[in-house]
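>>> sequence plus predicted model, see below.
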Amino acid sequence: MIACELDDPDGIIFVHATGLWSIADVDRHYTHLSLIIADRRRNDLPIRILSDVTEAQRQARETEARILEHMERTYQPTDRVAILVADVADKMYVRARLGKAIVGVFSSQLPAEMWLMSDDLQPPGIAA
């Protein structure tokens, strides 16, 4: 399951995902997320996304590839996207799968939120 909600006043879009996802689940999620992002862009609001996958299972390679395709199409370089994972092993795995994507990967929510709200910090693990 993948759920998405916008938390104002800080403007962070929270995504909470659990279990395994089908490609159709991923497509539906990004269709919904794209609408929220488009609305925020129209209103000149920053894009800040916290994707909590701490309760998700490792996805099939095809599903991971589809997520990466959507990320490339959906996010712009000025967007702040943080992925919250369960532990250090997951953090290393996700960073390796993301390649050069400028996304913060965290195993603790508070640092993820602090990074999202601080526009001048590079994501952890990304060299300046």
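Noted; the coordinates are in hand. Numbers count the residues shown, from 1 in each chain.
>>> so what sits opposite the residue nearest the centre of the chain in the bridge?
Closest residue to the average C-alpha location of the chain: Ser51 at 4.2 Å, with C-alpha atoms, centre = their mean. With DSSP bridges applied, Ser51 shows beta-bridge pairing to Val15, Ile83.
>>> mind listing the strands for this protein?
2-7, 12-19, 48-56, 80-84, 104-106 (DSSP state E).
>>> thinking again about what came up before, list the contacts of the residue nearest to the centre of the chain.
Going by C-beta atoms under 8 Å, 6 or more residues apart in numbering, Ser51 touches Val15, Ala17, Val81, Ala82, Ile83, Leu84. Bear in mind the C-beta positions are built from the backbone N, C-alpha and C, glycine included.
>>> now, which of these sits nearest Val94?
Relative to Val94, the closest of those is Ile83; by C-beta to C-beta it sits at 5.8 Å.
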